[in-house]
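Novice: Sequence first, then the predicted structure:
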Amino acid sequence: MCKWCLKHGAGGKWYLNTKNYLRETAESVDAFNYLEALWGNFEKIYIRKVLGISSKGIDYKLKLPIIGRVARWYIQRGIEKERNQNPLTNEGHFGQVIPLEEAKRIVTEMADTVVRAICPCRWMHRGMREESCLAFTALAEVLPRLPRYIPETGLKQLDGDEAASFLEEMDRRGRVHTIWTGPVPYIAALCSCDYPQCAAIRVRVDFGIKAVYKGEYVATLDPDKCVGCRKCAGRCQFGALVYADSLGRPVINVEKCWGCGLCASACEEGAIRLVPRDELPMVRGVY
Amino acid sequence: MRTIVEIDYSKCTSPEECGVCLQVCPSAVFIMYFTDEDFHNPKEWKVEAMFTSLCSHCNLCVKKCPKNAISITVK
């Protein structure tokens, strides 16, 4: 279990704790004002100065020996901040990768209001308006005040089954499911991400900033069940699963695995299975 | 080696109307943001080359830009 599970999980996983979805929790951390400022200024988060340093060319600056290390520590500290979070610098807003089954459980059993919104990452990075974010109670209430994130068809409230079938469709298309705080511990959104359009996966993969944590699982392959159909090949966005032609089956690098379960959901033979990260000593506690 | 992606803002139109560079870049180097402080009504959007270290010099943005506003140099 990760540190957020220990703090906000009530004995389980933090994102499966119903308390983190309640309106009362949102009110206690002032999520309404926070989310309006965060989503309202989303495109400017990169542009703002970090420790007085302009973010332009931040990728080169993060590679500098001392300044880079300080800036990295400062950004990470902000992301994990639990008090007095400043939404304009993305404080207290992080995500974690979750498998499809848990994502479906969240939209059917835990979140009260679910609406589909325009993904701010894709809008910012690609200028495209794609309805791939599921916004929960507080965010759904704030969104009508942010017209650029409202789909052409309007903000339609989804019931549990509609949201679950939407997630299945996204999984089929190869999207990674991620759950998002806003601010921690309140859970505001469930996204369907892909690299490099997702701002968080981008900074994690390319710059090592943990704006999104790896999931609680890793994928493992049962070579006896694998028939070598290659359906899993090409599903992995993190370079963890490659199809080894000479073996006639894929090989999985658990160190690179994020536990999104995309390879497992593509496998018709049930040869790829998600196992809890804690069961494998090599990746235990590595998020 | 450092890649510098320069955008000539006197030629560049609103990314909301155009956005070609945003969409063609294979490593999503560009982002767009609004310069107006009132985020309820964003008017002036701008394109910025944010992650130039990830630029692979494929020059797709230079070729596809309808206004020829982008230039890539290596220093």
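Specialist: The structure has been received and is ready for your questions.
Novice: For chain B, what is the nearest residue in the stretch 51-200 of chain A?
Specialist: Relative to chain B, the nearest point of the stretch 51-200 of chain A is A:Gly127 (3.3 Å; Cβ to the nearest Cβ). C-beta: built from backbone N, CA, C; applies to glycine.
Novice: so who does that residue touch?
Specialist: B:15-16, B:19, B:22-23, B:32 (Cβ atoms under 8 Å, 6 or more residues apart in numbering or on different chains).
Novice: Which pLDDT does the model give it?
Specialist: On the pLDDT scale, A:Gly127 is placed at 88.
Novice: Check the spacing between it and A:Leu51 real quick.
Specialist: A:Gly127 is 30 Å from A:Leu51, where distance means Cβ to Cβ, to the nearest Å.
Novice: just A:Leu280 next, same as before
Specialist: Distance from A:Leu280 to A:Leu51, by Cβ to Cβ: 37 Å.
Novice: sorry, back to before: can I get the buried part of the contacts of A:Gly127 as one PyMOL selection?
Specialist: In PyMOL, a selection of the buried entries from the contacts of A:Gly127 looks like this (16 or more other Cβ atoms under 10 Å in any protein chain shown):
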select buried, chain B and resi 15+19+22+23+32
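Novice: Please tabulate the contacts of A:Gly127 in CSV, including the columns secondary structure, pLDDT and distance to A:Tyr217.
Specialist: Formatted as CSV, those follow (DSSP: H, G, I helix; E, B strand; the rest coil; pLDDT from 0 to 100; distance: Cβ to Cβ, whole Å):
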residue, secondary structure, pLDDT, distance to A:Tyr217
B:Pro15, coil, 83, 38
B:Glu16, coil, 79, 40
B:Gly19, coil, 88, 37
B:Leu22, helix, 92, 33
B:Gln23, helix, 92, 33
B:Met32, strand, 89, 35
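Novice: biggest separation within the contacts of A:Gly127, which pair?
Specialist: B:Glu16 and B:Gln23 (12.6 Å; Cβ to Cβ).
Novice: and the closest residue to chain A within chain B, what is it in contact with?
Specialist: Nearest residue of chain B to chain A: B:Gly19, at 3.3 Å (Cβ to the nearest Cβ). Contact analysis of B:Gly19 by Cβ under 8 Å, 6+ apart lists A:126-128, B:32, B:47.
Novice: repeat for A:Lys13
Specialist: A:Lys13 neighbours (Cβ under 8 Å, 6+ apart): A:1, A:5, A:102, A:216.
Novice: dump the residue contacts of residue 61.
Specialist: No chain in the question, so chain A it is. Here A:Lys61 is in contact with A:53, A:67-68, A:71 (Cβ under 8 Å, 6+ apart).
Novice: think we crossed wires, I meant chain B
Specialist: B:Cys61 sits next to B:5, B:20-21, B:24-25, B:29-30, B:70, B:72 when contact means Cβ under 8 Å, 6+ apart.
Novice: Roughly how far does it sit from B:Phe30?
Specialist: 7 Å.
Novice: which residues do those two both contact?
Specialist: Counting by Cβ under 8 Å, 6+ apart, the residues touching both B:Cys61 and B:Phe30 are B:Cys21.
Novice: about what we covered before: more crowded one of A:Leu280 and A:Leu51?
Specialist: Between A:Leu280 and A:Leu51, A:Leu280 has the larger neighbour count (other Cβ atoms under 10 Å in any protein chain shown), namely 16 against 9.
Novice: show me what contacts that one?
Specialist: If you count contacts by Cβ under 8 Å, 6+ apart, then A:Leu280 has A:218, A:254 around it.
Novice: How far does stretch A:98-113 stretch from one end to the other?
Specialist: End-to-end distance for stretch A:98-113, by Cα to Cα, to the nearest Å: 20 Å.
Novice: avg pLDDT for that stretch?
Specialist: 93.
Novice: Name the residues of it that come out as buried.
Specialist: So for stretch A:98-113, counting by 16+ other Cβ under 10 Å, buried means A:98-100, A:102-107, A:110-111.
Novice: Kindly report the same for stretch A:167-187.
Specialist: So, applying 16+ other Cβ under 10 Å, buried residues of stretch A:167-187: A:167, A:170-171, A:174-187.
Novice: any idea how far that stretch is from the chain center?
Specialist: 5 Å (Cα atoms, centre = their mean, to the nearest Å).
Novice: now do the same end-to-end measure for it.
Specialist: 17 Å.
Novice: That one and chain B in contact?
Specialist: No. Using Cβ under 8 Å from any Cβ of the partner chain, we find that stretch A:167-187 stays clear of chain B, coming within 15.6 Å at best.
Novice: Just give the nearest non-adjacent residue to A:Glu216, would you?
Specialist: Leaving aside its chain neighbours, A:Glu216 sits nearest to A:Arg277 (5.6 Å; criterion: Cβ to Cβ, 6 or more residues apart in numbering or on different chains).
Novice: From the structure, what's the count of residues near that neighbour?
Specialist: Neighbour number of A:Arg277 under other Cβ under 10 Å is 22.
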